[in-house]
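1. I would like to see how this sequence folds:
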Amino acid sequence: MSAGRFATLDDLPQDLSGRRVLVRVDLNVPMADGTVTDRTRLEAARPTIAELAGRGARVLLLSHFGRPKGPDPECTLAHVVPALAEVLGRPVGFLADCAGDDMVAETRKLADGSVTVLENTRFHPGEEANDPAFAAEMAKLGDIYVNDAFSAAHRAHASTEGLARLLPAYAGRQMEAELKALEQALGAPRHPVCAVVGGAKVSTKIAVLEHLVRQVEHLVIGGGMANTFLAAKGLPVGRSLHEPDQLETARAVLAAADSAGCTVHLPFDVVVAREFRAHADHRIVNVHHVEPDEMIVDVGPHAIEALADLLKTCATLVWNGPLGAFELPPFDTGTLALARIAAALTEEGHLVSVAGGGDTVAALHAAGVAERFTFVSTAGGAFLEWMEGRTLPGVAALMRETVS
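-> Numbering: from 1, shown residues only. Now for the predicted structure:
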């Protein structure tokens, strides 16, 4: 995934007056009572939208919203328009479809520099089927295609992959930043590289672990996943969240890491509690001394100190997943401490730090350090698939000779 093999907005003419630009963004934002509750994805799309409109383009925004099975008033993107207009600080129009002759006529009437949201791409079955005929219908609405939705790039849909093969295709500013950061983190990183992989289940991240042990010098495993690895090494985990059916998988990952020269880091002291709730009574113990009725809820202070020393020896960090029961204070202590350590090393110029995944991003914000990391990905599934070493269809479609 070389950052030099895709076209960006810099490759477009400076004056885009009269040009209709179809921009795939991610407007699939959480809502409650008709109000957008998290504007992160809207903020991420703002630079590309503002730049294209500022250069005179007629900006037409494509996105999915929810999981409708055909047209569904609950999933109309009209709901998102007011919040997007506030984020952009400018009027945003809305068209009631994303394909068809009527929509073609409407796009030709739009003013230069205007911004318009097209209706939910998933109202058409051809979107998720990546139907060439549907992609061709959408392509009639634009002269240029820009993909600024890395978070949807792991899906081979008509609006993420099909359109890029029909129109001159470019990466938007958010997509460009994502791809350059990921190249910096695992594509062509500074070594040594440390990967932190946390979360509840080994079974959901087997491919990630198998790929990373061949790419990095250090693999830190946290969260419920770490409990499975501790159990695989014959250590007591009591009532801790773990997967007994994945013990052989964990042993295979450890063996693969050993063969590849990758050091796997597991906690040697942990925080344990008898109840899984916020502020439950807890104690810090060596991993050999977890009682049968106790559960591991966080890494211990000595483990954090060791990870801090480890990061000081590394040049690159890629992080996905919390180290403990992050949602239950004070069992977010380990995750927040490591986030602050990584941020400080990044600011000092010692570390390139790239993080992604919903819980990880939430943890960085909770620690107050999201802005201090080198890059924080807004993507979930796409970030995870990239960590697995998989080709992302929406990215692959941009990796062509697209400059016009």
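2. what sits against residue 310?
-> Shown in contact with residue 310 (CB atoms under 8 Å, 6 or more residues apart in numbering): 194, 218, 220, 265. (Each C-beta comes from the backbone N, C-alpha and C, glycine too.)
3. the third one and residue 207: what is the separation?
-> The span separating residue 220 from residue 207 equals 18 Å under the rule CB to CB, to the nearest Å.
4. cool, and the first one?
-> Residue 194 sits 19 Å away from residue 207, going by CB to CB.
5. the two: which is more packed in?
-> residue 194 (25 against 14; other CB atoms under 10 Å).
6. ok, and what's touching the host helix or strand of that one?
-> Using DSSP states H and E, the element containing residue 194 is strand 193-197. Residues outside strand 193-197 that contact it (CB under 8 Å, 6+ apart): 185-186, 205, 208-209, 212, 215-222, 225, 310-311, 314-321, 323, 338, 387.
7. among those residues, the buried ones, what's the ChimeraX command?
-> Buried residues among the contacts of strand 193-197 (16 or more other CB atoms under 10 Å), as a ChimeraX selection:
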select :185,186,205,208,209,212,215,216,217,218,219,220,221,222,225,310,311,314,315,316,317,318,319,320,321,323,338,387
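8. quick one, what contacts residue 280?
-> Residue 280 touches 273-274, 297, 328, counting by CB under 8 Å, 6+ apart.
9. out of the residues you listed, who's the most crowded?
-> Neighbour tally across the contacts of residue 280 (other CB under 10 Å): the maximum, 26 neighbours, falls on residue 297.
10. part of a strand, is that one?
-> Yes: Residue 297 forms part of a strand when assessed by DSSP: H, G, I helix; E, B strand; the rest coil.
11. that one: what's it in contact with?
-> Residue 297 makes contact with 270-273, 276, 280, 282, 324-325, 328, 331, according to CB under 8 Å, 6+ apart.
12. same deal with residue 220?
-> Neighbouring residues of residue 220 by CB under 8 Å, 6+ apart: 194-197, 265, 307, 310.
13. do residue 354 as well
-> For residue 354, the contacting residues are 181-182, 184-185, 316-319, 373-377, by CB under 8 Å, 6+ apart.
14. so which of the residues you listed belong to strands?
-> The strands in this structure, assigned by DSSP state E, contain 316-319, 375-376 from the contacts of residue 354.
15. off-centre distance for stretch 33-53?
-> 16 Å (CA atoms, centre = their mean, to the nearest Å).
16. what are the buried residues along that stretch?
-> Quick answer for stretch 33-53 (16+ other CB under 10 Å): 36, 39, 41-42, 44-53.
17. okay, and the spatially most central residue of the chain sits in which element?
-> By CA atoms, centre = their mean, the chain has its centre lying nearest to residue 379, at 1.9 Å. Using DSSP H and E, residue 379 sits in no helix or strand.
18. wait, it sits on residue 155?
-> No: counting by CB atoms under 8 Å, residue 379 stays clear of residue 155, with 11.3 Å between them.
19. now the two most distant members of the contacts of residue 310.
-> Within the contacts of residue 310, two members stand farthest from each other by CB to CB: 194 and 265, at 8.5 Å.
20. which residues do those two both contact?
-> By CB under 8 Å, 6+ apart, the residues touching both residue 194 and residue 265 are 218-220, 310.
21. which elements pack onto the lowest-mean-pLDDT helix or strand in the chain?
-> Lowest on mean pLDDT, DSSP states H and E among the helices and strands of the chain sits helix 381-387, with a mean of 87. The contact analysis (3 or more CB pairs under 8 Å, 6 or more residues apart in numbering; DSSP states H and E) places helix 381-387 against helix 206-212, strand 316-320.
22. kindly reformat the contacts of residue 297 as a markdown table containing secondary structure and distance to residue 92.
-> Formatted as a markdown table, the contacts of residue 297 follow (DSSP: H, G, I helix; E, B strand; the rest coil; distance: CB to CB, whole Å):
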| residue | secondary structure | distance to residue 92 |
| --- | --- | --- |
| 270 | strand | 50 |
| 271 | strand | 47 |
| 272 | strand | 51 |
| 273 | strand | 48 |
| 276 | coil | 44 |
| 280 | coil | 47 |
| 282 | strand | 49 |
| 324 | coil | 41 |
| 325 | coil | 40 |
| 328 | coil | 39 |
| 331 | coil | 42 |
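23. for residue 368, what are its contacts?
-> Counting by CB under 8 Å, 6+ apart, residue 368 touches residue 340.
24. gap between it and residue 87?
-> Residue 368 sits 22 Å away from residue 87, going by CB to CB.
25. among the shared contacts of residue 194 and residue 265, which lie within helices?
-> Among the shared contacts of residue 194 and residue 265, the members falling in helices are residue 310 (criterion: DSSP state H).
26. nothing else from me, thank you.
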